[in-house]
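Visitor: need a structure here:
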Amino acid sequence: MSKIYNTTTINSTEIAIALTDFTYGSNVKVIIPALLPLVDKTEPTDTVSYVSNSNIINKNKDELRTSKCIKSNYIDLYVPKELCPDSSLIGLSGQKFIVNFVGGDINKPFIYRRYD
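Guide: Numbers count the residues shown, from 1 in each chain. The predicted model follows:
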């Protein structure tokens, strides 16, 4: 990681790990351990929480439109076909990628290259 970090001008990079098998040229569920250090990193999980308006003090609760919140331990990111090491276009879970955040914004990640 330090070699890549020092040789590029992209300073907002992290390692992402594929949680499922995937096809290059499509989306893959990845986890970024630096963002979620204390969660399960073995398989993708979704947790649904239902939000109640009863404990929110607001003049007009109808404007809030709260219902449910889905928490996940993964992010769906697009994996370019150009990153495939061979012509099979098949990737396996556990494959590591280098993810860059556009402008350092944590809400704008993209897969930059494979991590070998």
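Visitor: and the residue positioned nearest the centre of the chain, what does it touch?
Guide: In the chain, the C-alpha nearest the mean C-alpha coordinate belongs to I75, at 2.8 Å (CA atoms, centre = their mean). By CB atoms under 8 Å, 6 or more residues apart in numbering, the contact set of I75 is 16, 29-32, 109. (Glycine included, C-beta is placed from N, CA and C.)
Visitor: which among those residues end up buried?
Guide: In the contacts of I75, burial by neighbour count holds for 16, 29-32, 109, counting by 16 or more other CB atoms under 10 Å.
Visitor: check contacts around Y78.
Guide: Neighbouring residues of Y78 by CB under 8 Å, 6+ apart: 26-28, 110-111.
Visitor: same thing but at 6 Å, please
Guide: Contacts for Y78 (CB atoms under 6 Å, 6 or more residues apart in numbering) come out as N27.
Visitor: kindly report the same for the one 3 residues further on.
Guide: K81 makes contacts with 24-25, as judged by CB under 6 Å, 6+ apart.
Visitor: quick one, phi psi at it?
Guide: phi -60, psi -30 (degrees, to the nearest 10).
Visitor: start at 30, not 1
Guide: All set: I'll call the first residue 30, so the last point we hit is now K110.
Visitor: could I get the pLDDT score of it?
Guide: K110 carries a pLDDT value of 94.
Visitor: how about the contacts of I104 in TSV, adding secondary structure and distance to P73?
Guide: Shown next, in TSV, are these (DSSP: H, G, I helix; E, B strand; the rest coil; distance: CB to CB, whole Å):
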residue	secondary structure	distance to P73
A45	strand	13
K58	strand	5
V59	strand	9
I60	strand	8
I61	coil	13
P138	strand	16
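Visitor: mind picking the two most distant members of the residues you listed?
Guide: Largest separation among those by CB to CB: K58 and P138, giving 13.0 Å.
Visitor: now do the host helix or strand of N129: which elements does it pack against?
Guide: Using DSSP states H and E, N129 maps to strand 125-130. Of the remaining helices and strands, those touching strand 125-130 by 3 or more CB pairs under 6 Å, 6 or more residues apart in numbering; DSSP states H and E are strand 42-47, strand 138-144.
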